[in-house]
Each structure stands twice: as structure tokens, then as C-alpha cells.
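Asks: just the structure for this:
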Amino acid sequence: MTLLAERPVRETAPAAPKRRKRPVLPYLLIAPTLVTTAYLLVYPLVRNVIISLQEFGLPQLVRGDAKFVGLANYVKVLSDPEFWGVVKRTLWFTAINVVLIMVLSTLVALLLVRLGKWLRLLVMGGLVLTWATPIIAATTVFQWLFQSRLGVVNWALVALGFPEYRDYTWFADGEATFGILITLIVWQSIPFAALSLYAAMITVPQELYEAARIDGAGAWRVFSTITFPMLRAMFGLITCLEVIWVVKAFVQIWVISQGGPGQATTTLPVYAFQVAQSLQRYDLGAAVSMLMVVLLVLALLAYFRQLYRQERDT
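Replies: Below is the predicted model:
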């Protein structure tokens, strides 16, 4: 009996927990969205890359016998001086627009923070209506404003004592057309940027502003030492979105000037469309559009790298 009592009891290992199966339903619910996104975004991009590597003109479009030519289309585009002139014009166009958009949007956002309730709602309502205006409708309104004989702008300038603007043809002057397009795109872009910045500014604790005012800080010092550092990421995000918006602007330019007069307002999207449709060289047009995407990605990567360094240093 003693030996039996002293025998060690054999412990049984605990049962291994059963692995829970991942539910399939969430993946089934998002599958239509993923498929639709792939069809609308990925497929056109892949198709565009393929066309840019082929000899694809009108005959090939009809017969369907396009042959691959490798990077020949890219070499032809990159060796064309006209392409680099368009790139330079696009960079200037983008830089001027983005700087004006960010400066004016910041001022509007600061104004919204200081306005009273009803005035703030009124201004925000106007911004939303501007943002909701279709691009074609807004572009048509600007065409009417700067019309040579019946335009409001010419009438107002003559009434203010500038008779040289009577029947002035704005769209026959390259620099004037360039300025009108900048004004149009800035006007269309301010609502989104201003409302986004305003939504970010009201999240900054008011105690920081009160402490800065007690220390005698002015408006610029408060913005440069409190508002901007705390919202640097938001400013960077909105700047990147505006760069994308301006670079891909096509409808406004095509409706108003179709890249003219001459080539004064031809940017990369307009140039790609002209090459593809006017010359019926869809392969070269696809190559131009892909080069535009590459340049845009490189510019944004450089900006994000600089922004990351600033965030890391602070």
C-alpha cells in the first residue's frame, strides 16, 4: 500500500488550444470594392504601360497587330526638346498654383478661426458651394468673365479708367491666358485646402495660444511657433494633394485654350492628349503620361523625405 501511495501521479498535458478560423465574410464584403478599384485604377495603368512599349498608332488600333518596341517611344519623347519645354512650363505652372493655394488657404483658415459663428457659417457655405461647382461650369463662367466684348472684367476695367482694355482679347495673349488659368485653378482649390486646415487648426489646444499671448507673442510668432509646427504633417499632406491636383489639371486648360495660344499653356496632360489625338500616336501619348507619373512620384518622394527629416529632427 505504501509503494502504491508513493508512485508519482502522471500529469496529463493540457490540450492544445484550437486555432480559430478567420472569418471569410469580411473579405467577401470588401471583395467587390477591391475588384472595382483594380479594374478602374490598376488595369488602365497596366494597359497604358503596355501601349507605351508598343508601336501603337491608328493602323494598329484598327488592325490590332501592335508590336512591342521596348523603350523606343520613351527615347523618342525624351530626345524631343519640345517635351522638356512642356516639362519646364508644367513645373512653373504647378509651383505658382501650389504656393498661391497654400498661402491663401492658410489665410482663409485663420480667418475662419477668428470669425463669429454666423459669419463663419456664411463663409464656409460659400466655400462649399465653390467646391461643389462642376469644373466645366466654373470654366465656362471664367470664359464669360474674360470675354472680349461682353465680359465683366473688361467692362469693370474700362469703368475704372483703363480704356485700353475695351474689347481686349485675353485669350489671344499667352501670359494673360496663363494667368487666367492660374486664377481659375486657385479659386477651385482653395475651399478644400482651407476647410481642411481650419478643421486641423481648431484641434490645437487654446491654452498654448493663451500662454503665447501672455508672453507677448504676435500673430506671426504664434503661427510660426505653435500652429505650423503642430500641424506640419497636415500642411505637408494638403500640399501633396494640391500638387497632384494641379499637375493633372486638364479640363480647365483644354476648355479655355487647348494649350494655346501657340504652346503657351500646354502642360504635360494637354501635351500627352495632343500627341495621342492630333498625331494619332497613342504609344507616344502613353509614354508622355507615364513619364508624367514618374516625375510626379519622384517629386512627392523627395518632398516626403524632406518632411520626414524635419519630423525626425524635431
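
Asks: use CA for all of it now, contacts and neighbours both
Replies: Noted.

Asks: do I have it right that Thr94 meets Ile244?
Replies: No. Judged on Cα atoms under 8 Å, Thr94 makes no contact with Ile244 at a distance of 9.0 Å.

Asks: between the two, which is the more surrounded one?
Replies: Between Thr94 and Ile244, Thr94 has the larger neighbour count (other Cα atoms under 10 Å), namely 21 against 17.

Asks: the host helix or strand of Asn97: which residues count as buried?
Replies: Secondary structure assigned from DSSP states H and E places Asn97 in helix 81-114. When neighbours are counted by 16 or more other Cα atoms under 10 Å, the buried residues of helix 81-114 are found to be 83, 86-87, 89-90, 93-94, 97-98, 100-102, 104-106, 108-110, 112.

Asks: neighbouring contacts of the helix or strand that that helix is followed by?
Replies: Per DSSP H and E, helix 81-114 leads on to helix 117-132 as the next helix or strand towards the C-terminus. With Cα atoms under 8 Å, 6 or more residues apart in numbering as the contact definition, helix 117-132 has outside contacts at Leu112, Gln188, Ser189, Ile190, Pro191, Phe192, Leu195.

Asks: widest-spaced pair of those?
Replies: The most widely separated members of those, counting by Cα to Cα, are Leu112 and Gln188 (18.0 Å).

Asks: and Gln60, what are its phi and psi?
Replies: Backbone geometry at Gln60, expressed as degrees, to the nearest 10, gives phi -70, psi -30.

Asks: kindly report the same for the one 4 residues further on.
Replies: Backbone torsions for Gly64, taken as degrees, to the nearest 10, come to phi 70, psi 30.

Asks: and the residue nearest to Leu58 when sequence neighbours are not counted, how far from Leu61?
Replies: Spatial nearest neighbour of Leu58, chain neighbours left out: Gln280 (5.9 Å); criterion: Cα to Cα, 6 or more residues apart in numbering. According to Cα to Cα, to the nearest Å, Gln280 and Leu61 sit 10 Å apart.

Asks: now do the contacts for Gln143.
Replies: The contact partners of Gln143, by Cα under 8 Å, 6+ apart, come to Ile256.

Asks: what does the model give it for pLDDT?
Replies: Looking at Gln143, its pLDDT reads 91.

Asks: now the helix or strand hosting it, how far from the centre of its chain.
Replies: Element membership for Gln143, per DSSP H and E: helix 135-145. On the basis of Cα atoms, centre = their mean, to the nearest Å, helix 135-145 sits 21 Å off its chain's mean C-alpha point.

Asks: pull out the buried positions in that helix.
Replies: By neighbour count with 16+ other Cα under 10 Å, helix 135-145 contains the buried residues Ala138, Thr139, Phe142, Gln143.

Asks: any chance of these in TSV, plus distance to Arg221?
Replies: As requested, the buried residues of helix 135-145 are exported to TSV (distance: Cα to Cα, whole Å):
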residue	distance to Arg221
Ala138	37
Thr139	39
Phe142	38
Gln143	41
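
Asks: could you single out the nearest of those residues to Ala156?
Replies: Among the buried residues of helix 135-145, Phe142 lies closest to Ala156 (Cα to Cα), at 14.6 Å.

Asks: disregarding residues adjacent in the polypeptide, which is nearest to the closest one?
Replies: In space, Phe142 comes closest to Leu184 once its chain neighbours are excluded; the distance is 7.3 Å by Cα to Cα, 6+ apart.

Asks: could you check the pLDDT of the one you found?
Replies: On the pLDDT scale, Leu184 is placed at 94.

Asks: so which elements touch the one helix or strand it maps to?
Replies: For Leu184, the enclosing helix or strand under DSSP H and E is helix 174-201. On a contact count with 3 or more Cα pairs under 8 Å, 6 or more residues apart in numbering; DSSP states H and E, helix 174-201 meets helix 81-114, helix 117-132, helix 135-145, helix 232-247, helix 251-256.

Asks: now it, how far from the chain's geometric center?
Replies: Averaging C-alpha positions (Cα atoms, centre = their mean) puts helix 174-201 12 Å from its chain's average.

Asks: swap in stretch 232-242?
Replies: How far stretch 232-242 lies from its chain's middle: 10 Å, per Cα atoms, centre = their mean.

Asks: re earlier: how about the contacts made by the residue nearest to Phe142?
Replies: Listed by Cα under 8 Å, 6+ apart, the contact partners of Leu184 are Ala138, Thr139, Phe142, Gln252.

Asks: give me phi/psi at Gly57?
Replies: Backbone geometry at Gly57, expressed as degrees, to the nearest 10, gives phi -110, psi -160.

Asks: and the pLDDT at it?
Replies: What the model reports as pLDDT for Gly57 is 82.

Asks: apart from its neighbours in sequence, what residue is nearest it?
Replies: Spatial nearest neighbour of Gly57, excluding adjacent residues (Cα to Cα, 6+ apart): Arg281 at 4.8 Å.

Asks: ok, the residue nearest to Leu58 touching Pro59?
Replies: No. Shown here, Gln280 and Pro59 do not form a contact pair, counting by Cα under 8 Å, at 9.4 Å.
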